[in-house]
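S.K.: This is a predicted model, with the sequence first.
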Amino acid sequence: ALYYSSNAVLLPYLPLYFSEKGFTAVQVGMLMVIGPFVAVFAQPVWGYISDRLQTVKWVVGALWACGVLSSIGMFYMDGFSAKLTFVTLLYFFLMPTQPLLDALSIRASEEAGISYGSVRMWGSLGFAVSAVIVGGLLTAIGGVEPLKWMYWGIWVCPFLLLCFLKDVKASAPPITFRTIASVMRNGPFLWFLLFVLIMTLPHRMNDFFLGLYMSDLGAAEQTVGLAWAVAALAEALAFGVFYRLLHNV
């Protein structure tokens, strides 16, 4: 839940932050779209490294630290090129941590005898609560300039909790390049990835520009946070419903 809280600081409000810094809608789109693009290459790389090192916890910790350090450059460096460079680094380190954390959550839920959906639901709830709180604070302060301090402050808890988290080692032999090549020759799997790409495009467009669109309509940061909270709560509800449905199958 705390990790998704950090996402609730960036995802809804980072486009507003870039816009306030004078970047055009096209530039904001380029700054935000670099994350999913980098993730296509970064996630397999860090997943491979995690398998080779037989650890998830310490790879996640290292990626978090590098991501937070990259965010310092993102917030303080001026100019589009500098922003783009540090945003790329930020997402190169942070985007792969979500599937790695999912691996930890799945293993922990299996050992506890509970559904992964019931665990993942708390991530959506953490996102929703944080989006509302951050939006209210930004509205009270009068702008998104303090966003960086909120982002860095919220990382204290995930780092502390990670120290007490039980590590997970890969249950199968480490993945090899031959295995990757065989997967890339799997036609049905590649078609599945293509359909996921097509389905994700409008979803990501909404993520990146919802805040800017609402801001143009005169919405305050608190209203943007409420909109994102509703979306996150709907996601949490879906996890809860599917948990019940699958549990009764």
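M.R.: Sure, I can see it. Numbering: from 1, shown residues only.
S.K.: Quick check: which ranges of this protein have low pLDDT?
M.R.: 1, 108, 112, 115-118, 168-177, 243, 246-249 (pLDDT under 70).
S.K.: all strands of it, in order?
M.R.: In the chain, no strands are found when defined by DSSP state E.
S.K.: Can you name the residues in contact with stretch 136-144?
M.R.: Residues outside stretch 136-144 that contact it (CB atoms under 8 Å, 6 or more residues apart in numbering): 13, 16-17, 20, 146-147, 150, 220-222, 225. The way it works is simple: take the backbone N, C-alpha and C, and place the C-beta from them, glycine included.
S.K.: switch the cut-off to 7 Å
M.R.: With contacts defined as CB atoms under 7 Å, 6 or more residues apart in numbering, stretch 136-144 is touched by 13, 16-17, 20, 150, 220-222, 225.
S.K.: next one: that stretch to chain centre, how far?
M.R.: Its chain's average C-alpha position is 23 Å from that of stretch 136-144, according to CA atoms, centre = their mean, to the nearest Å.
S.K.: Same question for stretch 48-61.
M.R.: 18 Å.
S.K.: Would you mind listing the buried residues in that stretch?
M.R.: Within stretch 48-61, the residues scored as buried using 16 or more other CB atoms under 10 Å are 48-51, 55-57, 59-61.
S.K.: what's the first-to-last distance across it?
M.R.: 16 Å (CA to CA, to the nearest Å).
S.K.: any idea which of the buried residues of stretch 48-61 is closest to Arg178?
M.R.: When the buried residues of stretch 48-61 are compared for distance to Arg178 (CB to CB), Tyr48 comes out closest, at 12.5 Å.
S.K.: just to revisit the earlier point, can you redo the buried residues of stretch 48-61 as CSV with distance to Trp191?
M.R.: Below are the buried residues of stretch 48-61 laid out as CSV (distance: CB to CB, whole Å):
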residue, distance to Trp191
Tyr48, 24
Ile49, 28
Ser50, 27
Asp51, 26
Thr55, 33
Val56, 29
Lys57, 35
Val59, 30
Val60, 31
Gly61, 36
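S.K.: Would you check which pair of those residues lies furthest apart?
M.R.: Greatest spatial distance among these (CB to CB): Tyr48 and Gly61, at 17.7 Å.
S.K.: that older thread, can you say which of the contacts of stretch 136-144 are buried?
M.R.: 13, 16-17, 150, 220-222, 225.
S.K.: got a markdown table for those, with distance to Phe80 too?
M.R.: What follows is the buried ones among the contacts of stretch 136-144, written out as a markdown table (distance: CB to CB, whole Å):
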| residue | distance to Phe80 |
| --- | --- |
| Tyr13 | 19 |
| Leu16 | 17 |
| Tyr17 | 14 |
| Met150 | 24 |
| Ala220 | 27 |
| Glu221 | 23 |
| Gln222 | 29 |
| Gly225 | 27 |
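S.K.: now, which of these sits nearest Val119?
M.R.: Out of the buried ones among the contacts of stretch 136-144, the member with the shortest distance to Val119 (by CB to CB) is Gly225, at 24.3 Å.
S.K.: Could you report the distance from that closest one to Phe159?
M.R.: Taking CB to CB, to the nearest Å as the measure, Gly225 falls 24 Å from Phe159.
S.K.: ditto for Val230
M.R.: Following CB to CB, the distance that separates Val230 from Phe159 is 29 Å.
S.K.: OK, contacts around Ala131?
M.R.: Neighbour list for Ala131: 8, 12, 225, 228-229, 232 [criterion: CB under 7 Å, 6+ apart].
S.K.: And the residue nearest to Cys66 when sequence neighbours are not counted, how far from Leu100?
M.R.: Among residues not flanking Cys66 along the chain, Phe93 sits closest, at 4.2 Å (CB to CB, 6 or more residues apart in numbering). With distances taken as CB to CB, Phe93 is found 12 Å from Leu100.
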